[in-house]
Each structure stands twice: as C-alpha cells, then as structure tokens.
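>>> Have a look; sequence and predicted model below, questions after that.
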There are 2 protein chains.
Amino acid sequence: MKVVKTIEEIRQEVRFLKEKGRKVAFVPTMGALHDGHLSLIRLARELADDIVVSIYVNPEQFGPNDDLDSYPSNLKDDLAFCEEEGVSLVFTPDTKIIYGDEKKYFKIEIDELNTHLDGGSRPGYFQGITLVVNKLFNIVEPDLAVFGQKDYQQFQIIQQMVYEFNHDIELIMAPIKRADDGLALSSRNAYLNEKERALAPLLYQGMQRVVKAIQDGLLKPESLLKEVQKDLEAKSFKNDYLGVFSMDKMAPVTSLQKGKRYLLAGAVYLGKARLIDNIIFEC
Amino acid sequence: MKVVKTIEEIRQEVRFLKEKGRKVAFVPTMGALHDGHLSLIRLARELADDIVVSIYVNPEQFGPNDDLDSYPSNLKDDLAFCEEEGVSLVFTPDTKIIYGDEKKYFKIEIDELNTHLDGGSRPGYFQGITLVVNKLFNIVEPDLAVFGQKDYQQFQIIQQMVYEFNHDIELIMAPIKRADDGLALSSRNAYLNEKERALAPLLYQGMQRVVKAIQDGLLKPESLLKEVQKDLEAKSFKNDYLGVFSMDKMAPVTSLQKGKRYLLAGAVYLGKARLIDNIIFEC
C-alpha cells in the first residue's frame, strides 16, 4: 500500500495501475474509519482490482457552527485499517493541496435536489461536497466510486453531477452498516457518551415503526411521524427532520401510493452528535 | 480521420490513441471553421500526436437576443478542412447528446472574472461556456487544449476552471489570426456585407492607435478611448466596450503603470455582426 499526499503522485500511481489494465475503485472518506467504511471498501474490492481511499476532512462542507475543529481524526489507525483491507493507494492531501492558497472564483450551485433533508438543514453543505468530489474525481479518475446509502441525498446529488458533468465514473451505493442494536455506523457516533449511545438506536427503531405502519396500510404518515419525533424528544433527542421523500428528487411526500418506493429519512441531535439515518422501502 | 457523434465513441477512440502512448490535443469549436481555427489546429499539431476537433454550437452560451438560429454552419466544409489538416478525430455531438432531455440541476457560477468585457455584456455567456467546456474536457480527456487569444477572457476563465476543478489538461493560447487588413478572423465576419467588411478593420486600427499612444507615454488613456469610440460610431459602428484591463482578473484599469502588461479589449456591433478584438501590450 502506498500513501501519497500530492495530486501529481496520486495521478501517477493511478495511471500506472490503469496502464496495467487494472480496474480502479475509489472510496472517498473523511477518515475516522469504521466498519461502515469497511463495508464500502469490501464492496469496492468485489467490483475492481485496486482500491484508492482518500482521507481528507473537507472544510468547505462544514458550516460555521459545525464540528470541523472537533471532527474525529486518527490517521495512523486509518492507514492500518486500509492496509489490512488490501487498499492499494491512500490519498491524504491537505487543504493547501486541494484548494490552494489563492482566491477561488468558481462555485457549483445545485437546484431543487438540495432543498430538503440535509440540503435544507445545512446551507452550503452539498455545494461543499460537490466542490471537493468534482475535484477528487478529476484528480483520481477512477473507474468506479463507492458511497454509502446513509448519505442518500449525497449519493443522488453526486450521481446527478456525474451525469451533468460527464464524469466517466460508475457510482455504486453501499447499504447502511449498522451496529447490532440498529444504530447506523458513523464517525460522529464517537461524540456520544455511554448514556447517549444507549439511546441512539431509538431513531432507527422509530423509523422502523413508521415503515411498518406504512406497509400495514398507513398512506398518510404525518401524524405518526410527529408522534415518533415527540417520543424522541422525550428521550432527550433534538429533532431536525423526519419525513418521507421521493426517491429521485428527494421532495417531501405526504400522501403515499401503494407499490411505489420511498425514502424515509431522519436527522436528530443527541448530545454533541448530529445523527442521520434512512430506510428505503416499498409502500 | 474518424467522425463520431456519441460520447461513448469519442471516449473509446481517445482511449485507443492514449493506449498507444499518443499525446492528444483538443480544439473545441462551434464549426464554421476559418483560418483562425486553422492556426489553432496547426499549433495543436506542433504540440501533440493527434488532434481532436469538436464541432458543436452550444445553445447555453447564447442569450435570448443572440444569433443562435443564424450562427453560420457548414459541416461538410468543416470536415474537409479538418481532413486536410490531418485531424484524427472530429466529435460532432448534438444537443440531446451533450445536455440530454431531462431537467438540469447543476450550475457553474463564476465570480469577478466574469464581471467585465463579454462577461459584463453577455449575461450567462461564460456560465454557458464553462458548462460545455467542463463537459467536453471530461468527455474527451485530452492532454492539452488550444484556445485563441481573440477570446482572451474565455481563455482566462477556462484556465481558472481547469485549476479549480483539477482538470488534468494543459491549456495553450494561440495568437489572434488576422486578415491582411488587420481584421481578427471570426465566424461572425460572415455576417458583414461588402461595405461593412471594408469598415471592419477600423476597430483594430483604433486599438493600435491607443496602444501606440500608451507606449508613447499616455498613462491615462480614458479620453483617447472615448475618442476612438466616437470615431467608430461616426463610421456606423455601435460600441459595446473599449478599455484597458488587468491581465489576470480582467478588471478595468484607468491609470497605467510603466513596465506592466495589460489587455486592451474592444467589442462593437457592425451591421448584424458583433466583433471583438484585443491586444496584449506592455506599457
């Protein structure tokens, strides 16, 4: 496994792999790797010959009140983790390498797909993500890239960018990896104290309750969604959003249709952590 | 020479060239090829093994009052021209191939560099250009691309995009190609009738007069610029802009400094044609 820091090095290494006819998969991360990332890497390994992992905490996707300064980081563990999983290349640029020192003149604006869910709650979040992912795609030029379903809106927006910007990259969505008690794995779970960690699975449990009720015939889930949010608040969660959204545009849906697929997505604050989760289900 | 229409075909052909270790130059055009394009193609040939020319009239860079519907087009002549110049591949997509049928969600916004010159006069013009050039760069993935100095602001904006988006492409600026009487070659010169064509070189002559006066010591050229514009108006030109701009940010400069390089740029309407021209000079 090679660990490289500069754009020139990673380009050269990937070119070298491609010249040998190897299929290259890319797993972009912000480090603090956990078993969720492991599942992305293992899926990548099934689909490609070599895996490139990037580890870069992108400041452009953090708002002024977000946790940029406290975002968990442990490069040594991350590298050991990648080594063990047979990753070929780890790209660890710093912000000077990614964004340079000079003024930036370009912005990527996203219409409509960015209105709800995290796009609605976190102004600038997806603009920051597309900014860095567009760069990383042009730097690494992989054959395919793997992202997790936990960030479903991110996947959809990046998929649309790949289509509109004509990146020659296949995107793969990996299923959500959960702890035994159902909590979706996330680097931010590290912020939870023991008591909060014990409460955290209630988000997924509440969401499972909504999906079950819908599949049992509830086509207007609004009051149930409110009830679940109320229950979470009673357990010291602070709600951001919880709702059913269309799969393609991620627009809120209040009246569901039998036989259609939907996204149930929620975001809550618990202690210092902001947790998100979602379930894709058929009505 | 191969002529291909689809993204899959052009990608496959370029990949084939690269696998043979050939260096690929790209000359994006809107067709109606003339000796200005010829000079771009010949410069490309000096710097690379194979040349890809794209011929595509990009509707996104035309405003509602622009000449999209009447823009000159002669694919048969263009292809013969490319064949004669030893071009390897011509990419002739249509708008369905480039933009698809569906709603677009992404916009590229350009700060500051887009404020003056054609950026100021033609709202949406450079957003449309960067939209299509970003696509073409990701589709063709050339080693280098050649653009003409006549569109100096275009070159600078695309250069900045290449930097900020991390396209792995070297940009080359080719000098302005002029007719014997000094008129900068342009596909839009075809709109000029005989009388207008005879008057057209006055723009460049007026600009040469300004550069000479500056190099003779005139450091505040504003009143001379106005005089030149007045002279042009008297000859039936309609002025858009004429001014001295900084080389990097293309901001207006009213008080020049000895020893520095500047851009003198002008745009006029003459009959049905909008003509632009520029001179890079040292003060």
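Alright, I've got the coordinates. Numbering: from 1, shown residues only, chains lettered A, B, ... in the order given.
>>> C-alpha only now, for contacts and for neighbours.
Fine.
>>> can you pull the contacts of A:Leu136?
Counting by CA atoms under 8 Å, 6 or more residues apart in numbering or on different chains, A:Leu136 touches no other residue.
>>> For B:Gln208, see how far away A:Phe237 is.
Shown here: A:Phe237 relative to B:Gln208, a distance of 71 Å by CA to CA, to the nearest Å.
>>> higher neighbour count, those two?
Neighbours were tallied for A:Phe237 and for B:Gln208 using other CA atoms under 10 Å in any protein chain shown; the higher tally belongs to A:Phe237 (23 against 15).
>>> okay, the more buried one: pLDDT?
Reading off the confidence values, A:Phe237 has pLDDT 98.
>>> Which residue, other than its chain neighbours, is closest to it?
A:Leu270 (5.1 Å; CA to CA, 6 or more residues apart in numbering or on different chains).
>>> ok, that neighbour - contacts?
With CA under 8 Å, 6+ apart, A:Leu270 has these contacts: A:192, A:196, A:200, A:236-238.
>>> Stretch A:174-188: end-to-end distance?
Per CA to CA, stretch A:174-188 runs 19 Å from first to last residue.
>>> err, stretch A:97-114, not the other one
With CA to CA, one end of stretch A:97-114 sits 28 Å from the other.
>>> List the contacts of that stretch.
With contact meaning CA under 8 Å, 6+ apart, stretch A:97-114 is reached by A:6-7, A:119-120, A:126-127, A:130-132, A:135, A:153, A:157, A:249-251, B:105-113, B:160-161, B:164.
>>> Now do the helices in the stretch 151-283 of chain A.
For the stretch 151-283 of chain A, the helices defined by DSSP state H, counting those that start in this stretch cover A:152-165, A:194-199, A:202-215, A:222-234.
>>> Who wins on neighbours among the contacts of A:Leu270?
With neighbours taken as other CA under 10 Å, the top of the contacts of A:Leu270 is A:Ala200, carrying 25 neighbours.
>>> you'd agree A:Leu256 is up against A:Phe281?
No - in this structure, A:Leu256 is not within contact of A:Phe281 by CA atoms under 8 Å, at 11.5 Å.
>>> What residues does the stretch 1-150 of chain A have near chain B?
Contact residues (CA under 8 Å from any CA of the partner chain) of the stretch 1-150 of chain A with chain B: A:19, A:99, A:104-113, A:131, A:134-135, A:138-139.
>>> Cross those residues against strands and list the overlap.
Among the residues of the stretch 1-150 of chain A next to chain B, the residues falling in strands (DSSP state E) are A:106-110.
>>> Point out where chain A drops to low pLDDT.
For chain A, no stretch is flagged by pLDDT under 70.
>>> Domain-wise, how is it divided?
Using automatic domain parsing, the domain parsing of chain A gives A:2-174, A:187-278.
>>> Turn those into CSV, including distance to B:Glu170.
Shown next, in CSV, are the domains of chain A (distance: least, CA to CA, whole Å):
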stretch, distance to B:Glu170
domain A:2-174, 14
domain A:187-278, 37
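>>> what about the strands in chain A?
Assigned by DSSP E, chain A shows strands spanning A:2-4, A:24-29, A:50-55, A:89-91, A:106-110, A:144-148, A:170-174, A:238-246, A:261-270, A:273-282.
>>> Any idea how many residues pack against the closest residue to A:Thr95 other than its chain neighbours?
Of all residues not flanking A:Thr95 in the chain, A:Asn58 sits nearest, at 7.6 Å (CA to CA, 6+ apart). As a burial measure, A:Asn58 scores 19 neighbours (other CA under 10 Å).
>>> can you pull the contacts of A:Asn58?
A:30, A:95, A:128-129, A:132.
>>> So which of these wins on neighbours?
A:Val132 (22 neighbours).
>>> State the distance from that residue to B:Leu38.
With CA to CA as the criterion, A:Val132 and B:Leu38 are 37 Å apart.
>>> Please tell me how far the nearest residue to A:Ala200 once chain neighbours are set aside sits from A:Leu264.
Excluding the flanking residues, the one nearest A:Ala200 by CA to CA, 6+ apart is A:Leu183, at 6.5 Å. In this view, A:Leu183 and A:Leu264 are 15 Å apart by CA to CA.
>>> which parts of the biggest helix by length in chain A are buried?
When chain A is parsed with DSSP state H, its longest helix is helix A:125-140. In terms of neighbour count (16 or more other CA atoms under 10 Å in any protein chain shown), helix A:125-140 has its buried residues at A:125-140.
>>> nearest to chain B, of the helices of the stretch 151-283 of chain A?
helix A:152-165 (5.1 Å; CA to the nearest CA).
>>> list the helices and strands the closest one packs on?
Here helix A:152-165 touches helix A:125-140, helix B:125-140, going by 3 or more CA pairs under 8 Å, 6 or more residues apart in numbering or on different chains; DSSP states H and E.
>>> Can you check what angle separates the first one from helix B:125-140?
Computed with axes from the mean of the first three to the mean of the last three CA atoms, to 10 degrees, the direction of helix A:125-140 lies at 40 degrees from that of helix B:125-140.
>>> from the chain's centre, how far out does stretch A:4-14 sit?
In terms of CA atoms, centre = their mean, to the nearest Å, the gap separating the centre of stretch A:4-14 from the centre of its chain is 24 Å.
>>> mind listing what the closest residue to A:Phe81 other than its chain neighbours touches?
Nearest residue to A:Phe81, sequence neighbours excluded (CA to CA, 6+ apart): A:Leu33, at 7.6 Å. Neighbouring residues of A:Leu33 by CA under 8 Å, 6+ apart: A:78, A:81, A:187.
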